[in-house]
Structure formats: C-alpha cells, structure tokens
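*Asks:* Pasting the sequence and the predicted coordinates here, then a few questions.
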Amino acid sequence: NTDARTVVLIANATHEVISALGSNPEGTPKQQILAALKFKSNLTDGNYKWKVGTNPTPIPMYGEAAVNGVKGGMSLSNINLTRMVARIDVENKVDASTFKLQEIYVVNYNIRGYIAPAWNTTNGEILKPTDSDYPYLTNKNPVLPSDASKQPATKDGSMLYPYTQVTGTGPLLEGEIYTYEALKATGDESNDKNNAVCLVVKGTFDGAEYYYRIDFTKKDENASPGEVQYMPLYRNNKYIVSITEAEGIGYSTFDEALAANTVL
C-alpha cells in the first residue's frame, strides 16, 4: 500500500493477532484493532503466574515504524518494541536473624491487558510523552480493558512466590514475577484495602511468623508527613522492592495484613 504511513509490529502474540484481524475486516479503524488486541494469562497448575524458566511464556511486545508507503523488498530497522507487562523483583536486605523472608504474594492482580501501550482513541495514534494524556511519565493510570479480570483479594487468589533465605541477607528474587498493568490506589481506605494491587509478604520476626502489606508508592518531596503517593504498575517497567529494615511485628494472618495500612 503506497499510501501507508505506519507499520505495526507485534511479537509473541500470533494467536491474538490472528483473532483480532479475523473479527475486524480490512478497512477497520486502527483504534478498533488496537482495542481488540488483548493478551490473557491462562490458569496453569491452579494459578495465573507468568511462566518463566523451562518453556516460558514469551512476553508480547508492540512497536511501530514510520514508512513512506509499503513496497516490495523494503526493510525496516531500528524499531523499539515495548513489553506489555511489568516486572517485580524483591530483595530482603535484613539479616535472617532479625527477619527471614519466606513468601511473597501478589494480590489484586489482573490477568488480561492490551498488547499496545496507551493510544488516542480517536485516531489510534500511540500516545507520546508530549501528549497531555500520556500516562507513563506522569503517574497517571494506564489504560486497561474492561475485562482485565482482576483476581480476588484472597490468599488463594493471589500469586505465591517462595523466597529462600537461610542465613544473612536474602538474595534478589529477579525475573520471576511478571504481571499486567494495574491502576494505582486512590487513598480511599474503605475502597483500596481489597482492590489495589499490592504485595503481602510473610516472614519470621523475633521467632514468630507474620504478614506485612507493601503497596506501590513513590517519594514526593512536597507531600505532607505520612502522606502516601501511590503508583500504578506500568508495562515495560521493573519495580524493585527492597526490605531494608524490620522494626516490629506484623499481622498474624494474611487477611489482617491485607486490611492494614501500607508500609511507608
């Protein structure tokens, strides 16, 4: 098509692309195609954890290239592909004699997301950092499909990741936890306790096992003392959760920790 000005490239989502194109004939507006391009995790071994290690689930990626028409034999180069999921790494820097981390639960996570990053719903153009509604540098919420299928805020409904710490400080658990974009908490305590994506960690403190809730928050030098600035989870970003101090007991049960205030 000599009139084409954009080529879209999608990796690791063949089935989803075929499905979207099959239900949207040639001539369908780009924004409608993008809305149909969704990826969903399947329930495997009783959970929705992203498969890593042996036979991993490849991460769907999206990119675009500007062209001056599509011609036979042309080539494309220097194209950036954006991963559609976020990664969470966890490390306990506290000595095991004080606090030994045992388990990490990812709570209130989604199991479906758009393959493409946020776009202009009028013309289908992928949003740029200069656009007023660009979310990824402004702490605004990402765009989620209405069927993101947030999982229940229960211990059984959470993704569990064991953490091995014997003596000394713990290792960095990296490249294990992947999850879809998620909305940030609003600060509405009556609503966010069981709705905002968060971590609940279990560990041994002073000889007893306790649970602690950790929300995704950001530093804001202009915030009032004790004020929490929440963060959403963005695609193609890595969140490193470092436990640097353990100063007191947590909660005896998962549900009590989930209903508690975040760790500041």
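*Replies:* Now that the structure is in, tell me what you want to look at.
*Asks:* Now that we're looking at Gly226, what pLDDT does it have?
*Replies:* Gly226 carries a pLDDT value of 67.
*Asks:* The one 10 residues further on too?
*Replies:* Per-residue confidence at Asn236 stands at 97 (pLDDT).
*Asks:* my read: it touches Thr82, true?
*Replies:* Yes: counting by C-beta atoms under 8 Å, Asn236 does reach Thr82; the two are 4.9 Å apart. Placement of C-beta: from N, CA and C, glycine included.
*Asks:* For the residue nearest to Lys219 when sequence neighbours are not counted, list the residues it contacts.
*Replies:* For Lys219, ignoring the flanking residues on the chain, the nearest one in space by C-beta to C-beta, 6 or more residues apart in numbering is Gln229 at 7.3 Å. Gln229 is in contact with 139, 217-220, 223, counting by C-beta atoms under 8 Å, 6 or more residues apart in numbering.
*Asks:* From the residues you listed, which land in strands?
*Replies:* Under the assignment DSSP state E, the contacts of Gln229 contribute 217-218 to strands.
*Asks:* Can you select the buried ones among the contacts of Gln229 for me in PyMOL?
*Replies:* The PyMOL selection below is limited to those of the contacts of Gln229 classed as buried (16 or more other C-beta atoms under 10 Å):
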select buried, resi 217
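*Asks:* Tell me the first helix or strand C-terminal of the helix or strand of the chain with the lowest mean pLDDT.
*Replies:* Using mean pLDDT, DSSP states H and E, helix 189-192 stands out as the lowest-scoring helix or strand of the chain, at a mean of 70. Next helix or strand after helix 189-192 toward the C-terminus (DSSP states H and E): strand 198-205.
*Asks:* Could you list every helix and strand in contact with that following strand?
*Replies:* strand 85-92, strand 99-107, strand 208-215, helix 254-258 (3 or more C-beta pairs under 8 Å, 6 or more residues apart in numbering; DSSP states H and E).
*Asks:* any idea of the angle it forms with strand 99-107?
*Replies:* If you take axes from the mean of the first three to the mean of the last three C-alpha atoms, to 10 degrees, strand 198-205 sits at 160 degrees to strand 99-107.
*Asks:* and strand 198-205, how far from the chain's centre?
*Replies:* With C-alpha atoms, centre = their mean, to the nearest Å as the basis, strand 198-205 stands 19 Å off its chain's centre.
*Asks:* relative to strand 208-215, how tilted is it?
*Replies:* Going by the same axes, to 10 degrees, strand 198-205 makes 160 degrees with strand 208-215.
*Asks:* for the record, mean pLDDT for strand 198-205?
*Replies:* Rounded mean pLDDT across strand 198-205 is 96.
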